[in-house]
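Undergrad: here are the coordinates; sequence isn't available:
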C-alpha cells in the first residue's frame, strides 16, 4: 500500500473499459515466497518466544510443577490449587456477605427437595440425595474456581447412575420384599452408586493428570441442549409410575422409554387414586409457583420456595390424615417411602452400608461393569455437564473464565471424597447456578450457607419427611425439568441460523430418546464431528476474476462485471486439504482445468464460447483458505503439479501459509514445482501469469 | 492492480524508511462490502446455474430417475446401470483380448487357493470359498465400473464374517463331532455366512438409495492401512492352530488375539509333527516364490502361481502317501478336511443348506444379531474396502475415477445375489486387482476368464482337493498377508510427513489388534475425525504487519522488518469458526486486545514498551481464513463486536466469504456493527483504520 500512491489517480471505477490492458499493468516486481524471504529476512529471535496464550500448555505445566519445589513456587501452586487462598483475603465482608447469605440459603432450600427427588432417579433412598447436596457443596466451596458455580445433584447424571445401579443391583423378580430385604437391597444400591462416584472421580483425576479437559471443546451447544432436553423426557417417563402409584420395575437399556410407557399404559387401570390425587395437587401447586417465579423474576427478592413448602405440607398432611394408611394398604408401596428416620444421621449405618459395598463388588465382572459405567459418568461430566456452565451460558453472561482442567480436578476430587460419604455422582448444575446468580450470590462462600441449610434439615427436619409420599418427589422431578423442555422453543431460531446445527440437535435428541443418555451423547458427539468434516467438504472452489479499477480478485459468480483473461484460471480453494477433501479437490481441479477423463465429455459451461476454445495455460491456486494440509492432501497437490506439468499447464501457488508449505515440501512438492512458482499473493501470481501469457497478446473479455 | 500503475515507480524496497507516512498513503477509496456490491452489482442469473460437478447430486439423481420414464431416458439409465452396454461396443478385440485372457486366467489361478483359504477364515468348508470366487466375479463382470477391479474373497471381511459365524453357530462344547453332526454344523455356518452376505448386500443397496457412498470420504489412508495391517496380525494368529495341527476352538470378541495366543502356547506340546512338517514345507515353498514374484515383477510375464502348485502338490502327496492316515489319526482333525467331494456341484445339496438357514434363523434374537453383524460388514465394505481401491492407490496410478455410490450398488447386488448361492460376504480386493493390472488386464472381460478357471476347478479338479490338509490353506492365508505386514515399513516416512497421521495409524492399529477389526475401525474413524477437529483448533491467530514498499500484510513473527502502527491491530484468524474453536477465538482475541479479566494482570509482551503504552483502538480481523462459521462461532463474533464497542475499540472485518457473512448476519452481527465496518480486503480495512487514527498523528515504528 505504501508503495502505491499512484493508485489514487486511477480512472473512476466505471470507466475501466477503456483500459486496453487492465490486467497486465505491472504494479511492482511479482514477489515469490523465496524472494520475500530474502528481502525481509528470517524470524527474529526475540519475537519467537512470544507465544499464544494456550500453546504448549502441558509443557508449561510441567515447568510449573518443577518450579513448585522451591518455596515461592510451592506457595503459588497452593494458591492455584486452593482457590480460597486467592479470594478469601480479598473478600469484601460488608458488600458481599449479605448477598452470599441470602443466595446460599435460597439455593440450600432448593437443594433439599431436589436432592431427595433426584435420589429417586438414582434408585437410592432420598436421604442420600441430601448427603449429595451437602458434601460436594462443602468441597466445592474449598476447591471451586467459578465464583458462581453451584454443585450438587444433577438430573442427567442421576438418571444415568440410576440405570447403572439397577443393572448392577436388579430388583428381585418376586416384587414384594420384606423390610430387611428392602434395606439390604437399598444398601447394595447405595454402595453401587457410591462406587460409581468413586470410580468416576478417580477417572476424572486421571483425565486431569493428562490435561484432557480440552475434550470438552468437542461438544457443541446443540448436542448439550438436545441431550438435556432428551434426558428431561426420560425423567418425565421414568417418574410416571411413581406419579400414578404403580409399583413397576424400572426399565433400563435401549428403548427403555418406550418399554416404560408400554408398561404404564397396560398398568394404568391399577393406578392408585390416592397417589393420583397427591400428584395432581402437587403439580397444581408447583407449576404455577414456578411460572410465577419465572414471570416475576426481577420483582421477587428471592424465588418462592414452592418445593420445600410442598414437601413440608405433604409430610404434615400425610402424618395427620388418614390418607396415609388408605393408600399404603391400597398400593402396597409402604416400602417406597422415605426411610429417612432409620438412616438419618446414623453415621455408623452409613459406614455399614459402605462395608456392604466391597463384598457386593468382589466379582471381577462387576468391577468391569462399574469401571465401564464410571467411565461413562466421568465422560458425561467432562463433556456435557461442564461446557454449558462454561463459556456459552454463564461465563458468557458474567465474563468468568472457567478453566476446564481445573473443573475436572474439582469434579474429580468432589466425587472421590463425597463417595466415601455414600454420595452418588454429582457435578455443577445449571439450574442452581443461575438461581445463585439471580439471588445475588457473589462468591463461593454462598455454598457454605447452602451447606448449613442442608445440614439443619439433616439434623432437625428429617423426621418430618418420614411420611413424604414418593409421588411428591416425582412431581418435583418433573417440574424441575420444565426449563429443559422449553429449550425446544429455540429450535426455529436454530433452523434459521444453521441447518447443520439443527440437524445435530435432532439427531442427538432422537438418539437420546430412543437409545439412552450415554449412547445418545456418543451419537451426538460423533455426528457433530461428522458435520465439521462435512462442512469442510461442502465449501465451493471459486474461480476468481479481477474487479476493474481495483486490485481485488473476487469470485466470478458474485458479479458479471469481473474480468477474466483467457488461458488464465485463478482458483480459490477455501478449505483445509486433508483426507476428507482430497477427492473433491482433485475432482474440482480436473473439472476447472479440463484434465482427466472428463475432458472431452463435459464441455465447460462457464463463459462465452471463445473462452472455451482457449484452453487453460496458467492456473493460479489461491491457498489462503487452506488452513492446514495432511499427508494425503499434500500428495494430492504434488500429483496435481505433476499432471499440470504433463498437460503443459503452468501451476502457480499463492499465499500458502507456513505450515501448509512445510507439509507440501515434506511431501515432495519442490520436486515438481520450482520455488519461482510460489507467490506471496494472488496479485503477484497473476502478474507473473500475465507476463507469461503476454507474447500471445491477451484479449480481455468481460465474463 | 489495473488501477495501480503508479506502484511501479515506488522507491526501492530497501529505502522505505524515508517515507514519512507509509501506511496512510491512500491507494483508492477503501471499499466496504456494501459499496463493492453497489459498484459491481449482484450475481448475474445465467451464471448462477453453473454448478460445481458434485453439488446437489441427489437432486439431479431424482431428476434423472424421473426422466427415465421416457424412451431415451430409460436407455440412458440402462446404459448407466449396466456398464457392459457402454464398454462392450467399444471393445477392441484384437488389442485387448489376449491381455484380458492372460490376466483373467492368472487371477483365476490365484483365486482358487485363496478362496479356499479364506473360507477357512470364515469358518465354512473351503468349497464355499470357491463359490465366492465364482459368482461375485461373474456379477462384477456385468455390473462393475472400475475396469481393473477384481472382486472376490477378502481377508478382512472373511475374518469378520468368521467371528460373526462362530458367535451365531458356536462350536459345541464336546469337541469331537460325528460326521453328520459336523455336516449339520457346517450347513448352519454356511447358512449364517450367506445370511450375513444377504443382509449386508441389502443394507448396501439401502445405502446406495440414500447415496451414502460419500461416507467413504470419512476414512483416511492411515486408518485403512493400520486396519489391514492389524487384520493381518489377526489372520496370522488365528491360523496358528491350523498351522500347528491343534484342534483349538476359535476365539471371538475383544482380546481374541491374546486369548488365541495363550491357548496356542499352552497347547504347544500337543502340536502334530505331521502338520508341522507340512506347514514348514509349505512356507518354505511359498515365501521364496512370493519374494521372487515381487522382485522380478517386471521381468516375469505372469507371476509364478506358487499357491496352486502347492495345493495340487500337497493334495497328490497326501493322496498317495501314508502321511494322510497317520496325522489324521494323530490329531483327530479328519473333520477339518475339505469336504469338497460331498458338496461339490451338488446344487440340490446347496439348496438343502439354504433351507437349513431359515429354520436356524427363526428366532428374533438371532435375526437382530445377523442384522447387527450385517451392518458391520456393510460398513466395513463401504468404509474400508472401497477407498483403498479408489482414489489413493489404484485410481491414482491409472486415473480411473471410481464412483463410490456405483461401487456401493455393485457390492450390494453382488453380495445379495451371490448369497443365494451360499457365498459369504465379498468385495473388491486390492491384491487381485493389482495382480490384474500387472498381468495386463484391460477391461472387465478378464473377470470372465477368471470365472472359467474357477468353474473348471469346481467341475473337474475338485476331487483332487479332498485330501488337502488344512495346514496348507493356513500357510496360504499367512503368506497372502505378507504385503500387509510390509506396510509398517512406511511408518517412518509417515512420521516425517505428519505426526498426526502417524498417531492415527498407531491408535487404529492398537485398537484393531487389542479389540477387534470392527471396533478398531470405529475407533480409527472417530479418532481421525477428532484429529481434523484438533487441527482446526491448533492453528495460531497471527498479528499482521505491512511489508515496507509493498501492499502485503504478513505475520509479524515471520520477519522483524514488518511495520506495525500503534493503536492498530491486524489479526488473521485462519481457521473455521465453530463450536470447537470458539473458546480459543475468544481467549486469543481477549489476549490481543487486552479485553476481559486478563487485562491488568498480563501486560503484553510483544513489541517495545511504547507500543504497550498505546492501547489498541482499531482492530482489523482478517476473515479470509474463516472457511465456515456455525451458530456458536457467529455468536462469539457478535459478542466480540459488543465488547469491542463497550471498550471503545473499533472493529473492522475484512474479506469474509459469502457464507460466513450470511451466518454472521443471521446471528445478529449487523445490530452491533454497521455495514461500513465490513471491508473487501485487509488493505481496504487498514486504509480506513489509518484514516480514523490519523487525527492523533500516528508514529510509525518498526517492530
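TA: Sure, I can see it. The model shown is predicted, which means the values in this text are computed figures rather than measured ones. Residues are numbered from 1 along each chain as shown, chains lettered A, B, ... in the order given.
Undergrad: where exactly do the strands run in the stretch 101-250 of chain A?
TA: With DSSP state E, counting those that start in this stretch as the criterion, the stretch 101-250 of chain A has strands at A:151-152.
Undergrad: ah, wrong one, I meant chain A
TA: A:151-152, A:427-428, A:542-547, A:553-555, A:562-564, A:568-572, A:618-622, A:650-654, A:678-679, A:701-702 (DSSP state E).
Undergrad: Work out the gap between the longest one and the centre of the chain.
TA: Translated: strand A:542-547. 39 Å (Cα atoms, centre = their mean, to the nearest Å).
Undergrad: And for the first one?
TA: Average the C-alpha atoms of strand A:151-152, do the same for its chain, and the two points are 19 Å apart (Cα atoms, centre = their mean).
Undergrad: helices and strands of chain A: which one bottoms out on pLDDT?
TA: helix A:323-331 (a mean of 35; mean pLDDT, DSSP states H and E).
Undergrad: Tell me which of the strands of chain A sits nearest to residue B:434.
TA: Nearest to residue B:434 among the strands of chain A is strand A:650-654; the distance by Cβ to Cβ comes to 29.6 Å. Backbone N, C-alpha and C define where each C-beta goes, glycine included.
Undergrad: strands paired with that closest one, and their directions?
TA: Paired neighbours of strand A:650-654 in the sheet (DSSP bridges): strand A:618-622 (parallel), strand A:678-679 (parallel).
Undergrad: Output the ones you listed in JSON lines; the columns should cover mean neighbour count, distance to residue B:487 and mean pLDDT.
TA: Shown next, in JSON lines, are the strands paired with strand A:650-654 (neighbours: other Cβ atoms under 10 Å in any protein chain shown; distance: least, Cβ to Cβ, whole Å; pLDDT from 0 to 100):
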{"stretch": "strand A:618-622", "mean neighbour count": "25", "distance to residue B:487": "31", "mean pLDDT": "89"}
{"stretch": "strand A:678-679", "mean neighbour count": "26", "distance to residue B:487": "32", "mean pLDDT": "86"}
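Undergrad: Tabulate those (TSV), appending distance to residue A:291.
TA: Formatted as TSV, the strands paired with strand A:650-654 follow (distance: least, Cβ to Cβ, whole Å):
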stretch	distance to residue A:291
strand A:618-622	56
strand A:678-679	65
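Undergrad: Residue B:618 is nearest to which of those strands?
TA: strand A:618-622 (26.7 Å).
Undergrad: Direction-wise, compare that closest one with strand A:568-572 and give the angle.
TA: 20 degrees (axes from the mean of the first three to the mean of the last three Cα atoms, to 10 degrees).
Undergrad: List the contacts of strand A:618-622.
TA: Strand A:618-622 has contacts (Cβ atoms under 8 Å, 6 or more residues apart in numbering or on different chains) with A:544, A:553, A:567-573, A:592-593, A:644, A:649-655, A:679, A:682, A:685-686, A:689, A:692-693.
Undergrad: List the residues that contact residue A:659.
TA: Here residue A:659 is in contact with A:628-629, B:539 (Cβ under 8 Å, 6+ apart).
Undergrad: Out of those, flag the one nearest to residue A:661.
TA: residue A:629 (9.1 Å).
Undergrad: domain parsing for chain A?
TA: Residue ranges for the domains of chain A, per automatic domain parsing: A:98-171+A:184-246+A:257-295+A:304-461+A:469-486, A:540-702.
Undergrad: Confirm for me that residue A:166 is in contact with residue A:250.
TA: Yes: counting by Cβ atoms under 8 Å, residue A:166 does reach residue A:250; the two are 5.2 Å apart.
Undergrad: near chain B at all, the longest helix that chain A contains?
TA: Looking across chain A with DSSP state H, the single longest helix is helix A:179-209. No: residues of helix A:179-209 are not located near chain B by Cβ under 8 Å from any Cβ of the partner chain, the shortest gap being 15.2 Å.
Undergrad: Show me how far that helix is from its chain's centre.
TA: Taking mean C-alpha positions (Cα atoms, centre = their mean), helix A:179-209 and its chain are 26 Å apart.
Undergrad: Quick check: which helices or strands does that helix pack against?
TA: helix A:155-168, helix A:347-360, helix A:364-380, helix A:404-419 (3 or more Cβ pairs under 8 Å, 6 or more residues apart in numbering or on different chains; DSSP states H and E).
Undergrad: average model confidence for the second one?
TA: In other words, helix A:347-360. Throughout helix A:347-360, pLDDT has a mean value of 52.
Undergrad: do the longest one as well
TA: In this model, helix A:364-380 has a mean pLDDT of 81.
Undergrad: List the buried residues of that helix.
TA: Of the residues in helix A:364-380, A:369-371, A:373-374, A:376-380 count as buried by neighbour count, 16 or more other Cβ atoms under 10 Å in any protein chain shown.
Undergrad: which among these gets closest to chain B?
TA: Within the buried residues of helix A:364-380, the smallest distance to chain B is 13.2 Å, found for residue A:379 (Cβ to the nearest Cβ).
Undergrad: got the contact list for the closest one?
TA: Contacts of residue A:379 (Cβ under 8 Å, 6+ apart): A:518, A:521.
Undergrad: returning to what we had before: got a quick ChimeraX command for the buried subset of the contacts of strand A:618-622?
TA: Buried subset of these, written as a ChimeraX selection, criterion 16+ other Cβ under 10 Å:
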select /A:544,553,567,568,569,570,571,572,573,592,593,644,649,650,651,652,653,654,655,679,682,685,686,689,693
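Undergrad: burial measure for the nearest residue to residue A:287 once chain neighbours are set aside, as a count.
TA: With sequence-adjacent residues excluded and distances taken as Cβ to Cβ, 6 or more residues apart in numbering or on different chains, residue A:287 is closest to residue A:479, at 6.1 Å. For residue A:479, the neighbour count with other Cβ atoms under 10 Å in any protein chain shown is 20.
Undergrad: likewise residue A:591?
TA: Neighbour number of residue A:591 under other Cβ under 10 Å is 18.
Undergrad: what mean pLDDT does stretch A:511-528 have?
TA: 88.
Undergrad: again with stretch A:262-279
TA: 86.
Undergrad: Give the buried residues for it.
TA: Quick answer for stretch A:262-279 (16+ other Cβ under 10 Å): A:263-264, A:271-272, A:274-275, A:278-279.
Undergrad: Closest residue of the stretch 201-350 of chain A to chain B?
TA: residue A:220 (3.6 Å).
Undergrad: For that residue, give me phi and psi.
TA: Here is the backbone geometry of residue A:220 (degrees, to the nearest 10): phi -90, psi 160.
Undergrad: List the residues that contact it.
TA: A:501, A:504, A:528, B:578-580, B:630, B:632.
Undergrad: Let's see that with 10 Å instead.
TA: With contacts defined as Cβ atoms under 10 Å, 6 or more residues apart in numbering or on different chains, the neighbours of residue A:220 are A:226, A:387, A:392, A:500-501, A:504-505, A:508, A:524-525, A:527-529, A:531-532, B:578-580, B:582, B:630-632.
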